[in-house]
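1. sequence unknown, structure follows:
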Ligand SMILES: Cc1ncc(COP(=O)(O)O)c(C=O)c1O
């Protein structure tokens, strides 16, 4: 079975993790600052705080931005659920706006139309590694006096139209390092902090509210345990060393898919570069199946042909918890709902060979041809 994702790990990862293990400094040791500094340098960002997950990072970033109980925060319904959940941790409310069908991101224009007097912030997501219009969100935030936190969890290496890197424009932004991400530490995340003060606050809140120079038992604010271990940081340092190769390999695999699937009728392929000139960092390879094709049956049929695939992503507002809590219904965000019905993540990782891509493409072609024949027959009957 060809899996959907597989991390690239090698001798360097083993070496650094083993060295760290043998050093006896398993947490709050020297690897933490080493990883943070190397990550900030790769991005050209002033400060970075490593945390235990992207979710933890988004939680701390929204707190640092000033989220408060009763606030409305404008965000995408077509995202991993964490980007909306973090607002509920602070008793704020995610206000969804519909996505663009091509980029699958929300736009500043759609967000502007949803601003009310209760809106305190904007949380755009660079979904599937394609940069949202951050300059537009920055302008909207400045005009309406809102805070801005970028969810860059899936977009390490993505480039905006003006050449700036996603997450490196001076806003609070958050990366994630779960095993399917461009860079992995198993679990982990990184908050990019515009100022030293914000970094100090996040460093303290990830460590139970203790300031770096405080005694062992004193804490001067509410905090959490969102620390990232030195073992995970060691993994992250080794991954960062090979990041350019990982990103190049991901682009290579995406180009192979584009070649192999380009002529499949009705299937919409993800764009590498958008009309605005922004460039995707390849995180997943998600195609939109033709309208009317049964996606779940397609997944089963692909599995029978040795290919794993995933429905990706379910719209957040239609998840049972969100329906129950906020009364969301079908039809509110048609583009997000259409994407969440039709999107399918194919196997995608840097070591995928040309032969494996051909196998996946052949299986998908086969399954879709079959389902077209089946649906024609059922119309005839
Ligand atoms: C868009 C987005 N936001 C937030 C997260 C949360 O990151 P984590 O799973 O590390 O908590 C993820 C990770 O899957 C993500 O893809």
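-> Thanks, I have the structure now. Since we're looking at a predicted model, the values are computed, not measured.
2. what about the residue nearest to residue 256 when sequence neighbours are not counted, how many neighbours?
-> In this structure, residue 256 finds its nearest non-sequential neighbour in residue 357, 4.4 Å apart by C-beta to C-beta, 6 or more residues apart in numbering. All C-beta spots, glycine's among them, are computed from the backbone N, C-alpha and C. Residue 357: 25 surrounding residues under other C-beta atoms under 10 Å.
3. do the same with residue 122
-> 28.
4. list the contacts of the closest residue to residue 370 other than its chain neighbours.
-> Of all residues not flanking residue 370 in the chain, residue 301 sits nearest, at 7.2 Å (C-beta to C-beta, 6+ apart). Counting by C-beta atoms under 8 Å, 6 or more residues apart in numbering, residue 301 makes contact with 367, 370, 371.
5. list the contacts of the last one.
-> Applying C-beta under 8 Å, 6+ apart to residue 371 gives the contacts 293, 294, 297, 298, 301.
6. show me what from the stretch 151-300 of the chain comes close to the ligand.
-> Neighbours of the ligand within the stretch 151-300 of the chain, by C-beta under 6 Å from any ligand atom: 151, 153, 154, 176, 178, 189.
7. okay, and the helix or strand of this protein with the least pLDDT?
-> helix 354-380 (a mean of 82; mean pLDDT, DSSP states H and E).
8. okay, strands next: where are they in the stretch 1-150 of the chain?
-> 47-51, 72-75, 93-96, 119-123, 147-151 (DSSP state E, counting those that start in this stretch).
9. so for residue 329, which of these sits nearest?
-> strand 93-96 (12.2 Å; C-beta to C-beta).
10. residue contacts, the residue positioned nearest the centre of the chain?
-> Closest to where the C-alpha atoms of the chain average out (C-alpha atoms, centre = their mean) is residue 154, at 2.8 Å. Residues near residue 154 by C-beta under 8 Å, 6+ apart: 80, 125, 126, 127, 128, 129, 176, 181, 281, 283, 284.
11. residue boundaries of the helices in the stretch 151-300 of the chain?
-> 196-205, 230-241, 243-261, 295-304 (DSSP state H, counting those that start in this stretch).
12. and for the closest residue to residue 290 other than its chain neighbours, the neighbour number?
-> With sequence-adjacent residues excluded and distances taken as C-beta to C-beta, 6+ apart, residue 290 is closest to residue 266, at 2.9 Å. Using other C-beta under 10 Å, residue 266 is surrounded by 13 other residues.
13. what sits against residue 266?
-> Residue 266 sits next to 289, 290, 291, 293, 368 when contact means C-beta under 8 Å, 6+ apart.
14. what pLDDT is listed against the closest residue to the ligand within the stretch 251-381 of the chain?
-> The stretch 251-381 of the chain approaches the ligand most closely through residue 283 (7.8 Å), counting by C-beta to the nearest ligand atom. On pLDDT, residue 283 comes in at 98.
15. please tell me how far it sits from residue 90.
-> As judged by C-beta to C-beta, to the nearest Å, residue 283 and residue 90 stand 27 Å apart.
16. and the residue nearest to residue 288 when sequence neighbours are not counted, how many residues sit next to it?
-> Closest residue to residue 288 apart from its sequence neighbours, by C-beta to C-beta, 6+ apart: residue 268 at 3.9 Å. Neighbours of residue 268 under the rule other C-beta under 10 Å: 18.
17. from memory residue 268 sits against residue 291, does it?
-> No - checked against C-beta atoms under 8 Å, the pair residue 268 and residue 291 is beyond contact range at 9.9 Å.
18. which one is whichever residue of the chain sits closest to the ligand nearest to, not counting chain neighbours?
-> In the chain, the residue that lies nearest the ligand is residue 54 (2.5 Å; C-beta to the nearest ligand atom). The shortest distance from residue 54 to any non-neighbouring residue, by C-beta to C-beta, 6+ apart, is to residue 176 (2.7 Å).
19. contact partners for the one you found?
-> Contacts of residue 176 by C-beta under 8 Å, 6+ apart are 53, 54, 55, 57, 153, 154, 188, 189.
20. could you redo the last one with a cut-off of 7 Å?
-> By C-beta atoms under 7 Å, 6 or more residues apart in numbering, residue 176 lies in contact with 53, 54, 153, 189.
21. contacting residues around the second one?
-> Shown in contact with residue 54 (C-beta under 7 Å, 6+ apart): 82, 153, 174, 175, 176, 189.
22. against residue 211, how distant is the last one?
-> Spelled out, that is residue 189. 21 Å.
23. ok, those two, which is more surrounded?
-> Legend: neighbour count by other C-beta under 10 Å for residue 189 and residue 211, higher for residue 189 (29 against 15).
24. can you list the weak-confidence ranges in the stretch 251-381 of the chain?
-> Low-confidence segments of the stretch 251-381 of the chain (pLDDT under 70): 372-381.
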